[in-house]
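> What follows is a predicted protein model with its sequence.
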Amino acid sequence: MAIISVILRSVVRLVVSLVEEPASTVTTLLYYSDLLPRHLNLERLVRRDLLDGENYFFHFLIGFLRCFWYTSLATSIHAVYPAW
């Protein structure tokens with residue numbers, strides 16, 4: 001039961017941050033997923049407070065997006081260059 005409360009708290013925190021500051025939250029998610037370039041203007045939108053150790057669902061989404069992006073990129077490369 002303790003795990004459910006920790007995960008639920010993390011999900012609620014993410015939803016609240018998406019409602020309060022949607023642009024900053026999505027930018028932070030994409031920035032740390034390596035889907036946005038490292039740029040000074042984008043770093044101003046990144047919220048580092050979302051990356052604390054107890055925000056498990058946010059870290060899960062970052063890992064999922066990294067994995068999904070890498071998988072889709074590798075699939076598209078193999079479609080264009082089958083010898084790779």
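Received the coordinates, thanks.
> starting at the chain centroid, how far to stretch 59-68?
Chain-centre distance of stretch 59-68: 6 Å, with CA atoms, centre = their mean, to the nearest Å.
> ok, residues contacting it?
Residues outside stretch 59-68 that contact it (CB atoms under 8 Å, 6 or more residues apart in numbering): 14, 29-30, 32-35, 51. Glycine gets a C-beta too; all of them are placed from N, C-alpha and C.
> Return the member of those residues nearest to Ile3.
Nearest to Ile3 among the contacts of stretch 59-68: Leu14, at 16.7 Å, using CB to CB.
> State the helix or strand in which the closest one lies.
Assessed by DSSP states H and E, Leu14 sits inside helix 2-20.
> Which neighbouring elements make contact with that helix?
helix 22-32, helix 56-80 (3 or more CB pairs under 8 Å, 6 or more residues apart in numbering; DSSP states H and E).
> Give me the below-cutoff pLDDT ranges for the protein.
1, 70-84 (pLDDT under 70).
> residues touching Gly53, list them.
Applying CB under 8 Å, 6+ apart to Gly53 gives no contacts.
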